[in-house]
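Chemist: Need the 3D shape of this:
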Amino acid sequence: MRKLKLQIHITIDGFVGRQNGEMDCMNLNLDDDLRNYMIANLEQVDSILLTLGHNSKMSFIPYWASVAENKSDPFFALGKRLTDIPKIVFSRTLTDSEWANTKIINGDIVEEITKLKKQKGNDIMVYGGARFASILIKNRLVDEFHLLVNPVAIGSGLPIFKEFDSKQDLTLVKARQFDCGIVVLHYEPKRN
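Modeler: This is a model prediction of the structure:
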């Protein structure tokens, strides 16, 4: 079965953004080592799930495509990788993709991701917002958590760890600190 990897920026108090989704509290000035970590995290990935808010998904694909066209951009290698990997966008409103290398799915998130995980292939990376990540976590679909913990606390915002039916135990696989101040915590769920 394919692994579903969630990579997401998060504050030290557990939020992925402010109440309205603003990410101005996150450190997006990533150092070279963290960019290389993010590229390496995509090595075994052959699908990217984008289940971001409407405005975010409308900018994610074009933004990274423009980065991938500019070899002098410090994010070029990451942009190239993100552009080359096939993407799946979950949407209630879109039926056709205007972007190359992108498929739209309108079905039930849990059902569709369960099907994707059972297909042959490599890992699946999720870049998503709070609501989507919460659904995945609640339904125990995430096989690896890559939490990019930013050195900031905001007191309230959009959490991803909520609405559990029962406790979920995780095992720390690796923790790594980067010069930009972000600590990546790599966890895997404990399976019975």
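
Chemist: Quick one: neighbours of S72, just the number.
Modeler: 5 (other C-beta atoms under 10 Å). Any C-beta I mention is one placed from the backbone N, CA and C, and that applies to glycine too.

Chemist: Would you work out how far apart the start and end of stretch 160-177 are?
Modeler: Stretch 160-177 has an end-to-end distance of 22 Å (criterion: C-alpha to C-alpha, to the nearest Å).

Chemist: please begin residue numbering at 7 from this point
Modeler: With the count now opening at 7, the last piece we talked about shows up as stretch 166-183.

Chemist: Return the set of buried residues in it.
Modeler: Across stretch 166-183, burial judged by 16 or more other C-beta atoms under 10 Å covers I166.

Chemist: Now find how far off-centre that stretch is within its chain.
Modeler: With C-alpha atoms, centre = their mean, to the nearest Å as the basis, stretch 166-183 stands 15 Å off its chain's centre.

Chemist: One more: stretch 152-168?
Modeler: Its chain's C-alpha centre and that of stretch 152-168 lie 14 Å apart, by C-alpha atoms, centre = their mean.

Chemist: now A159: how far from G20?
Modeler: According to C-beta to C-beta, to the nearest Å, A159 stands 9 Å off from G20.

Chemist: In terms of neighbours, single out the busier of these two.
Modeler: Legend: neighbour count by other C-beta under 10 Å for A159 and G20, higher for G20 (16 against 12).

Chemist: which residues touch the more buried one?
Modeler: By C-beta atoms under 8 Å, 6 or more residues apart in numbering, the contact set of G20 is 165-167.

Chemist: element containing S140, please.
Modeler: Secondary-structure element containing S140, defined by DSSP states H and E: helix 136-144.
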